[in-house]
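In: Mind folding the following:
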Amino acid sequence: MSTLGDPAHPNASTRVILISHAATTATRRTAFPADEPVERPDDLTPVDLGRFTRWLTGPELRCRQTAAGLGLPGETEEALTDQDFGTWRGRALDEITDFSWLTDPSAAPHGGESVEDVIARVGAWLTSLRGSGERVAAVTHPAIIRAAVVHVMNAPAQSFWRIDVASLSVTRLSNSGPNWTLRETGHAVNQ
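Out: Predicted coordinates for the structure are as follows:
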């Protein structure tokens with residue numbers, strides 16, 4: 001009898017693939033994201049990622065457009081919402097004078113979420129999937145992928161900004177037991 005997806009069997013293997021959304025004007029001009037569209041949606045082409053039990057996207061337009069352009073179905077998952085930069089949303093990085101958020105993971109001078117808040121939110125989402133036996137593909141944001149890597153690696157929150165997540169890159173996670181494993185990160189979605 002198969003235990004795949006049976007919550008009574010916490011060792012059922014779970015796989016998660018996280019895809020970083022396509023570039024936007026905010027990513028190109030080094031600005032804090034708002035809900036801008038992807039720059040060149042017509043350049044996105046469908047990909048075959050294999051079989052998954054769930055396809056998810058962050059709720060923002062850039063995630064939904066990326067998923068559609070890649071030919072991936074997707075339901076919105078609030079846990080995959082981008083980091084909330086509060087009053088800095090839409091502003092360029094060179095307009096900011098308080099950089100405590102880069103060195104203090106508990107800081108949120110913009111009035112939004114701190115890095116610790118994002119890591120906790122994404123960690124709770126991953127914990128909810130642990131042992132489910134699901135295969136989940138999700139189009140989300142660099143901040144969410146950084147938070148997932150920090151959580152999976154049990155790394156200090158200060159390492160969040162030291163993880164580079166390129167547009168349309170893939171990060172693969174797996175779980176079969178109490179811990180997650182980082183399988184790979186940084187490959188282009190079409191590789």
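
In: What mean pLDDT does the one helix or strand Cys63 maps to get?
Out: Using DSSP states H and E, Cys63 sits in helix 61-69. The average pLDDT within helix 61-69 is 96.

In: likewise stretch 149-159?
Out: 97.

In: distance of Thr57 from Arg91?
Out: Note on Thr57: its distance to Arg91, by CB to CB, to the nearest Å, is 25 Å. In this view, the C-beta of every residue, glycine as well, is placed from N, C-alpha and C.

In: got it, and Ala67?
Out: Distance from Ala67 to Arg91, by CB to CB: 27 Å.

In: now do Ile163
Out: From Ile163 across to Arg91, the span is 23 Å (CB to CB).

In: hmm, back to that, so for Thr57 and Arg91, which sits in the more crowded spot?
Out: The neighbour comparison of Thr57 against Arg91 (other CB atoms under 10 Å) goes to Thr57, with 25 against 15.

In: So Val189 is in contact with Ala166, correct?
Out: No: in this structure, Val189 is not within contact of Ala166 by CB atoms under 8 Å, at 10.0 Å.

In: So which of these two has more stuff around it?
Out: Ranked by neighbour count (other CB under 10 Å), Val189 and Ala166 place Val189 first, with 20 against 15.

In: While we're on the more buried one, how confident is the model there?
Out: 89.

In: what's near enough to touch the residue lying closest to it once chain neighbours are set aside?
Out: Leaving out its chain neighbours, the residue that sits closest to Val189 by CB to CB, 6 or more residues apart in numbering is Leu168, at 4.7 Å. Leu168 makes contact with Ile19, Ser20, His21, Ala22, Ala23, Thr66, Ala188, Val189, Asn190 under the criterion CB atoms under 8 Å, 6 or more residues apart in numbering.

In: so the first one sits in a strand?
Out: Yes: the assignment for Ile19 (DSSP: H, G, I helix; E, B strand; the rest coil) places it in a strand.

In: Under a three-state scheme, what state does the residue nearest to it when sequence neighbours are not counted occupy?
Out: Of all residues not flanking Ile19 in the chain, Val139 sits nearest, at 4.8 Å (CB to CB, 6+ apart). The three-state assignment at Val139 reads strand, by three-state DSSP.

In: try Val118
Out: helix.

In: That one: how many residues sit nearby?
Out: The burial count for Val118: 26, using other CB under 10 Å.
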